[in-house]
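>>> need a 3D model of the following:
(chains A, B and C)
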Amino acid sequence: MSYFVTVGVFTAITIIGVLGTFILTGLTGLFSLGQAAFMGLGAYVSALLVVTFHVPFPLAVVLAVLFALGVGYFIGYTTLKIRQDFFALATFGFGEAVRAVMNESVKWTGGAMGFAGVPQLTTPWLAAAALIAAVWLVRNVRYSKFGRDCLAIRTDELAAEVMGINAFDHKLKVFLLGAGLSAFAGALSAFFTTYVEPAMFGWTQSAVWIIMVFFGGRDSLTGAIFGATTLSALPEVLRFASQWRVAIYCLIILLIINFRPAGLFGRWELSFKGLSRRRPPGAGAGKGRRKAVAEKGGADADA
Amino acid sequence: MPEMERAPLLEVKGLCKRFGGVHAVDDFNAVVNRNHLVGIIGPNGAGKTTILNLLSGVYPGNSGQIVFQGQDVAGKRSHQIGRQGMTRTFQNIRLFGDMSVLDNVKIAYSWQAKYGMLQAMLGLRGVSQTEREVEGRALHWLERVGLAEHRADMAGSLPYGLQRRVELARALAGEPKLLLLDEPAAGLNPAEVQEFIALVSGLFSELDLSIILIEHRMEVVMRLCHWIYVQDFGRTIGQGTPEQIRRDPVVIKAYLGEEFE
Amino acid sequence: MRKSLALFLVVAMLVPVMALTAGCSGGSKEILIGNIQDLTGPNKAFGVAMTNAAQMYIEKLNAAGGIGGKQLRMISYDTKSDVNEAINAYNRLIDQDKVLAVLGPPIANMGIALAPISVTKKVPIIGLFMDEKATTDAKTGQPFTYMFLAQNSAGTQARIMASYAINELKLKKFAVLYNQQNAYSVSLAEPFIAYVTAHGGTVVDKETFLTADKDYKTQLTKIKKAQPEAIYMPTYPQEIPLSLQQAYELGIKATILGDNSYIPFATASNTDPKAAEGVYFPYGVDPADAKLQQFATDYKAKWGIAAIAQSYSGWDAFGALADAIKRAYAANKKVTPDMVAAEMNKTKDYAGYQGALTISPDTHRPVGLPMVILQIKGGKPTTLTQYKEPTQ
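Okay, the predicted model is just below:
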């Protein structure tokens, strides 16, 4: 498989993971540092099922995603009730715990040595199809009531609740969607690299996904995809810079976040029916961010 | 006037709320009948907003009953109360500033829209049909408050007076039986206040709706309300029709002052 | 606004494509060798050591006329401790840069991940990835055609230590303490235990810890109770001083056996000199060797940093590769990756700093490559003897 195709497949897998982060962190404002752990669950469970238990590949992927959803339900149910800043800590703890389990259950996972000998079943065509399907699913969610509810909860959870939205229930669904997409990306990645190790699924990976979302624009699906693509390809583009490329990479991100706080795309969406049909007038990318929203927490100002 | 054949829409009995040692609401009792407009007035710190927060489930009370449409909703969560037909606006406007005006109003229909996450993901036909319905209903309310041409604007970028109306449209879109308005005329200029009074009395006559209104502007309360509760330091110090309140010496001493005599 | 954004999009999409295709030149006047190393991240020291040593070798070779009149040039790509990066770098070296062969990293996980890719890309990788899974296909038991190891494998290193302890030090009762999250640690501990139990020794206690742990006293106390004659502690640089110090503080008198990271970490300044006294460990090269000391001096002069184990073995790896290229060129008047791989299999008695390097065509790993057993005496590592993997 040629270099471009390999980079392309890695990028496609990254985008699928980032789509989950887009919904969860970009739209709903929940910072999860455990998303990569779900990717790890997807990777390990599918690889184990195929290599050790000889389950057919498609079934193994489905089972791995279902497994991650089960774990996600438990984690989401227990952590989404707590305050949002603690949620980031709780998911961080969860992610590192998952990694510890991968390291410790040497008999099944190979521990720190990694799990080798996974057959290469993720073809470029499969990766492309998976990417299109994932983008389509997330796009549909984005433009349904769920997409609106995400934004509403992020902006003002109390106001959303008063309008009849069960914020906890909604967050749990979104968390599961993110977990499922991550696990799916993980399964694809295991059967592409043919090797998995716990070090691939640390919290820094989750953080990178969050950076990709903010880089492209937290409110824009186009931006999230663009962010994931650019930042996946960037390290490859910067290869000529040798050991300086990590510094350059960070500098570019810093500049973007500093000078375009709403991300490259703001709320702009690519649309096939007329270029910016979805962009509301007077709200150019990056501008028109919240201006006059009244201060929060004043519900009992009169108490 | 309180005694009617039908059960009241809302009956509040012995509602109490303490913050630390402060009795923000102390033994509040009230009755709101169907198609009535009730006002709550009182000086700052009287506990008026706290009463609305307790009614709409923002936080639970320490004791007391809130019987809404025959059911005790005390202790229920906000979204449950919202779904039962009680919606509200906020003193300091809580719009979803990052969303368009239309989307703000559509939020009111999220819990009613009959499709789940899986159907949404797969973009099944029912989804777009429901979305069209929701859009139609949301637009109806925007037209009613006169904001149809602002539908695509970001809610956060609108002038203050229009934001108030968006919030009202959003609360109305919940198709409530009881609407709670927390100082809806605050920050409006005199012309806007007149428009607001006309809008609320118009809506009130068109819809099967009761309203609880908190307001500092006596003009608004006196012109709109059928019954008024006067709160001071968490306690009800008087109640009655606007005419009775105007003449109540206790109320005048505590709150209204000489000018209303 | 919209136009500028669209323009930006187009430019942003084009730049990567141009940059990606830029490296395609690859003139036939030089021989290109790829180099995949961690030049950033926690394992940077190892990657830099290998890169520096290889660069020195290339300069020496080019000054002497190169190979077949062609100069050698090395293209180095950073992998920042990320396996996926290593895969991308390897693919890029082959597809874009058209390298003849690749110098691989001293990181086991990367070797294991690259091995199956090398089967399809067919460009040899010569590296220091110690784990045997990087050179032997676990499914077939056969070696990976394009993977070559240029130092003793983890298994061999562990067996050398175990055999020396049993046969020379006459020890019988062992305990093992290692980091269960660290591939290096695990890949040494397991063959050590296997060898000891197969050769008349017993392992009375096996204790593990995690990378984040800094306190091993609980484990060491259990080990002390089990009363072993020796404790094998194959651990990573930052863990070595801690484990030695804590064993010493608990009054453990058993002989301590280490691994080839004990230089220089066992004698680090934060260790009580008494804690490291008497420790035995195997090492890839003999620090007392005069030839080695000359190299260390040159290396320091050129790069401004001290040579470490990976500098010497990196030199050997690149040297064995250069020799294979030379032989292939001499025999065919041209050279392809397959020829290099074939010649790598014939590597015999290459005179490196580690000793005479011979690569077995059956395993693609060195055979009979000795290690040096050292003991810390008076705070200094002192060479005791050369020792080879026992053949029985």
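
>>> pLDDT below threshold where in chain B?
Residue ranges of chain B with pLDDT under 70: B:1-6, B:256-261.

>>> where do the helices sit along it?
B:48-55, B:78-83, B:101-106, B:117-122, B:125-144, B:160-173, B:190-206, B:218-224, B:242-247, B:249-251 (DSSP state H).

>>> what of the stretch 51-200 of chain A?
Taking DSSP state H, counting those that start in this stretch, the helices of the stretch 51-200 of chain A run over residues A:57-79, A:84-104, A:106-109, A:124-142, A:145-155, A:157-162, A:167-193.

>>> would you indicate which residues of the one helix or strand A:Asn258 maps to are buried?
A:Asn258 is part of helix A:245-259, with elements assigned from DSSP states H and E. Going by neighbour count (16 or more other Cβ atoms under 10 Å in any protein chain shown), the buried part of helix A:245-259 is A:245-246, A:249, A:253, A:256. Where you see a C-beta, it was placed from the backbone N, CA and C, and this is true even at glycine.

>>> which bits of the stretch 101-250 of chain A sit near chain B?
Within reach of chain B by Cβ under 8 Å from any Cβ of the partner chain, the stretch 101-250 of chain A has these residues: A:136-137, A:140-141, A:144-146, A:148-149, A:151-152, A:154-156, A:158-167, A:173, A:177, A:219.

>>> whichever of those residues end up buried, select them in PyMOL.
Applying 16+ other Cβ under 10 Å to those leaves a buried subset, and the PyMOL line that selects it is:
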select buried, chain A and resi 137+140+141+144+145+146+148+149+151+152+154+155+156+158+159+160+161+162+163+164+165+166+167+173+177+219
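
>>> would you turn the buried residues of helix A:245-259 into a markdown table with pLDDT?
What follows is those, written out as a markdown table (pLDDT from 0 to 100):
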| residue | pLDDT |
| --- | --- |
| A:Arg245 | 78 |
| A:Val246 | 79 |
| A:Tyr249 | 83 |
| A:Ile253 | 82 |
| A:Ile256 | 81 |
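
>>> would you turn these into TSV with distance to A:Ser232?
Shown next, in TSV, are the buried residues of helix A:245-259 (distance: Cβ to Cβ, whole Å):
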residue	distance to A:Ser232
A:Arg245	14
A:Val246	15
A:Tyr249	11
A:Ile253	13
A:Ile256	15
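
>>> which among these are in contact with chain C?
Within these, those near chain C by Cβ under 8 Å from any Cβ are A:245-246.

>>> which among the buried residues of helix A:245-259 gets closest to chain B?
Closest approach to chain B among the buried residues of helix A:245-259 (Cβ to the nearest Cβ): A:Ile256, at 19.6 Å.

>>> that closest one against A:Leu264, yeah?
Yes: counting by Cβ atoms under 8 Å, A:Leu264 is a contact partner of A:Ile256 at 6.3 Å.

>>> spit out the residues that contact those two alike.
Contact criterion Cβ atoms under 8 Å, 6 or more residues apart in numbering or on different chains; residues shared by A:Ile256 and A:Leu264: A:Phe215.

>>> how about low-confidence regions in chain A?
Those would be A:271-303, if you go by pLDDT under 70 across chain A.

>>> neighbours of C:Val83, how many?
21 (other Cβ atoms under 10 Å in any protein chain shown).

>>> wait, it touches A:Met200, no?
Yes: C:Val83 is in contact with A:Met200 according to Cβ under 8 Å; the separation is 6.5 Å.

>>> who wins for proximity to chain C among the helices of the stretch 51-200 of chain A?
So among these, helix A:84-104 is nearest, using Cβ to the nearest Cβ, at 4.4 Å.

>>> show me where the stretch 201-303 of chain A has helices.
Going by DSSP H, counting those that start in this stretch, the stretch 201-303 of chain A shows helices at A:203-216, A:221-237, A:245-259.

>>> C:Leu177: which of those helices is closest?
Between C:Leu177 and the helices of the stretch 201-303 of chain A, the shortest separation by Cβ to Cβ is 28.0 Å, and it involves helix A:203-216.

>>> just to revisit the earlier point, compute the inter-axis angle for the helix holding A:Asn258 and helix A:203-216.
Orientation check (axes from the mean of the first three to the mean of the last three Cα atoms, to 10 degrees): helix A:245-259 against helix A:203-216 gives 50 degrees.

>>> kindly format the C-alpha coordinates of helix A:245-259 as PDB.
Taking C-alpha atoms only, helix A:245-259 is exported to PDB below (Å, rounded to 0.1, in the frame of the first residue of the first chain):
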ATOM      1  CA  ARG A 245       8.300  19.700  13.500                       C
ATOM      2  CA  VAL A 246       6.500  19.200  16.800                       C
ATOM      3  CA  ALA A 247       7.400  22.700  17.700                       C
ATOM      4  CA  ILE A 248       6.200  24.100  14.400                       C
ATOM      5  CA  TYR A 249       3.000  22.000  14.600                       C
ATOM      6  CA  CYS A 250       2.200  23.400  18.100                       C
ATOM      7  CA  LEU A 251       3.000  27.000  16.900                       C
ATOM      8  CA  ILE A 252       0.600  26.700  14.000                       C
ATOM      9  CA  ILE A 253      -2.200  25.500  16.300                       C
ATOM     10  CA  LEU A 254      -1.400  28.300  18.800                       C
ATOM     11  CA  LEU A 255      -1.600  30.900  16.100                       C
ATOM     12  CA  ILE A 256      -4.900  29.700  14.800                       C
ATOM     13  CA  ILE A 257      -6.500  29.400  18.300                       C
ATOM     14  CA  ASN A 258      -5.100  32.800  19.200                       C
ATOM     15  CA  PHE A 259      -6.200  34.700  16.100                       C
END
